[in-house]
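Novice: Show me how the following folds:
(2 chains)
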Amino acid sequence: MRRIYLDHAATTATHPEVVKAMLPFFTDVFSNPSSIHSYGREAKGAVEEARTKVAELIGARSEEIIFTSGGTEADNFALKGVAYANEHKRNHIITTSIEHHAVLEVCKFLGRKGFRITYLPVDKYGLVDPDDVKKAITDKTILISVMHANNEVGTVEPVEEIGKIAREARVYFHTDAVQTVGHIPVNVRQLKVDLLSISGHKLYGPKGAGALYVRKGTRLVSLIHGGAQEKRRRAGTENVPAIVGLGRTVELAGQEIGKEAERLTYLRDRLIKGLVEKIDHIHLNGHPAKRLPNNVNVSIDFVEGESMLLNLDLEGICASTGSACSSASLEPSHVLLALGLPAEQAQGSLRFTLGRENTEADVERVLEVLPGIVAKLRAMSPLWKTQK
Amino acid sequence: MPDIWSLYSEKVMEHFKNPRNVGEIENPDGVGHVGNPICGDIMELYIKVKDDIIVDAKFRTFGCGAAIATSSMVTEIVKGKSIEEALKISNKAVVEALDGLPAVKMHCSVLAEEALKSAIEDYLERKKLKK
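Specialist: Sure thing, here's the model as predicted:
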């Protein structure tokens, strides 16, 4: 059976060109970038070249890029790093209720350590109101963290407006851009962010590779102490193959960004339109227009997400859900609940995230298979019976 | 997402793909409703009883693969059992009949047991009223 992978927001296959770029750095150029000999200098050069490529894609200077093990470390570093660098003066952090766990759980941790955290609500589309950000700022506010686009519902946040507010208030501003860098244009100067998190594996790069943009002059303490790597901000021998891979990844993404976004937007809208036409009692989650090019998230009434996912999987289609049944915590998605969805609609959510290998035929296959799955599950749903 | 699917036994998948006894019984002798959409699962279980023997059982379930499989299995197990025997069917028996469930899905089997108990209680209640 042909497998149709529609879970690109979870992770992507590493681009063959990226693998090709990485391979020599496992064997031929295995050297430590901190070594003085020519071998070491060769590895160091490759790391710095990758840094320049990452900086170029987001309009930063290369010295403003710190390599990390991925998006989660970048988020941890931004939040804890800035919070602890400023804790003696101020203690307030503003974030939103729909952040990725890599931000939310850090905020909860900082909350337990004595910081005061404001979790801003969102509207029914998942949009944060910049006015709410403005009102939440006090003279104790250290940092604002608002994600660039939401990983579950795909809503793109008004980060530029929030950046302006933060800059005027002289408060640090972090954005988790794991879902946007390389997918839609991201420019740190335009967005007026001080910190920005990047992940490689959401963008056809290797897992274990990410970066944090830190605007020049931003004070933050290190999380990982040891050697003098990354200008003493992040110790540990550089993961050279992964860093080189990340460099090649962003280079490729930069070349394809506009064209690919346009292609995916077409497929996305085709899928949304088809689903709405073929299945009744279905709702689009997230914003209809301010949306990632590859994200489709719907709630289908009277059926539960995991059972839909299992049936799709039996047909070779890989998707994801915000249902409690599929999470280890047994709670429905915090994002869908923050959008105001009733629990049963959160349970009945499905997320399809498209990527470079998907074609129109894949979209048609979902449209061919899903209505039957929904009908089968509804036939055994007590909620459907009540509805009828 | 945790890798729970690979932990679903073949028996669970078989019952998930081809659930037995889906639907409702017309003029049932007992009906059980359990669960709520917040925890994710809702089960409805119908029984037909003749001379204190459960002669038929059907279900409707809103829930995950494990919830559907446990509902299907409990209706299979209960058919032909006396009320007294049926009251002794535990969630463990359902899990064993399905060749096990992932730890995070154990609550689904508890729900299946509760659905059955609730249907039997309803039956006993109705019987009392008739007397």
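
Novice: what pLDDT does the residue lying closest to residue A:344 once chain neighbours are set aside get?
Specialist: Computed as C-beta to C-beta, 6 or more residues apart in numbering or on different chains, the closest residue to residue A:344 that is not its neighbour in sequence is residue B:37, at 3.7 Å. Glycine gets a C-beta too; all of them are placed from N, C-alpha and C. pLDDT for residue B:37: 74.

Novice: so what's residue B:37 up against?
Specialist: By C-beta atoms under 8 Å, 6 or more residues apart in numbering or on different chains, the contact list for residue B:37 reads A:342-344, A:347, A:383, B:62.

Novice: hmm, which of the residues you listed are the buried ones?
Specialist: A:343-344, A:347, A:383, B:62 (16 or more other C-beta atoms under 10 Å in any protein chain shown).

Novice: Would you map the helices across the stretch 51-200 of chain A?
Specialist: A:71-86, A:101-112, A:130-136, A:159-169, A:188-191 (DSSP state H, counting those that start in this stretch).

Novice: between those, which gets nearest to residue B:76?
Specialist: When these are compared by C-beta to C-beta, helix A:101-112 sits nearest residue B:76, at 39.6 Å.

Novice: Report all helices and strands that the closest one contacts.
Specialist: helix A:71-86, strand A:92-96, strand A:116-120 (3 or more C-beta pairs under 8 Å, 6 or more residues apart in numbering or on different chains; DSSP states H and E).

Novice: in it, what counts as buried?
Specialist: A:102-104, A:106-107, A:110.

Novice: What is the nearest of those to chain B?
Specialist: Distances from chain B to those, taken as C-beta to the nearest C-beta, are shortest for residue A:102 (15.8 Å).

Novice: contacting residues around residue A:169?
Specialist: So residue A:169 contacts A:134, A:137, A:141 (C-beta under 8 Å, 6+ apart).

Novice: ok, residues contacting stretch A:31-51?
Specialist: So stretch A:31-51 is contacted by A:25, A:29-30, A:62, A:65, A:67, A:227-229, A:237-238, A:240, A:243-244, A:246-248 (C-beta under 8 Å, 6+ apart).

Novice: Can I get that stretch in PDB, CA atoms only?
Specialist: Only the C-alpha atoms of stretch A:31-51 are listed here, as PDB (Å, rounded to 0.1, in the frame of the first residue of the first chain):
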ATOM      1  CA  SER A  31      37.300  16.700  13.600                       C
ATOM      2  CA  ASN A  32      36.400  18.900  16.600                       C
ATOM      3  CA  PRO A  33      35.800  22.500  15.500                       C
ATOM      4  CA  SER A  34      37.700  23.600  18.600                       C
ATOM      5  CA  SER A  35      40.900  21.800  17.500                       C
ATOM      6  CA  ILE A  36      43.600  24.100  16.200                       C
ATOM      7  CA  HIS A  37      44.900  21.800  13.500                       C
ATOM      8  CA  SER A  38      43.800  22.100   9.900                       C
ATOM      9  CA  TYR A  39      41.200  19.300  10.300                       C
ATOM     10  CA  GLY A  40      39.600  21.200  13.100                       C
ATOM     11  CA  ARG A  41      39.600  24.400  11.200                       C
ATOM     12  CA  GLU A  42      37.800  22.700   8.400                       C
ATOM     13  CA  ALA A  43      35.000  21.600  10.700                       C
ATOM     14  CA  LYS A  44      34.900  25.100  12.200                       C
ATOM     15  CA  GLY A  45      34.600  26.600   8.800                       C
ATOM     16  CA  ALA A  46      31.600  24.400   8.000                       C
ATOM     17  CA  VAL A  47      29.900  25.300  11.200                       C
ATOM     18  CA  GLU A  48      30.400  29.000  10.500                       C
ATOM     19  CA  GLU A  49      29.200  28.600   6.900                       C
ATOM     20  CA  ALA A  50      26.000  27.000   8.200                       C
ATOM     21  CA  ARG A  51      25.600  29.900  10.700                       C
END
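
Novice: tell me how far it is from the chain's mean position?
Specialist: 30 Å (C-alpha atoms, centre = their mean, to the nearest Å).

Novice: ditto for stretch A:259-269
Specialist: With C-alpha atoms, centre = their mean, you get 18 Å for stretch A:259-269.

Novice: Once you drop chain neighbours, what's closest to the residue in the stretch 51-200 of chain A that chain B sits nearest to?
Specialist: Nearest residue of the stretch 51-200 of chain A to chain B, counting by C-beta to the nearest C-beta: residue A:152, 12.2 Å away. Using C-beta to C-beta, 6+ apart and skipping the chain neighbours, the partner closest in space to residue A:152 is residue A:335 (4.4 Å).
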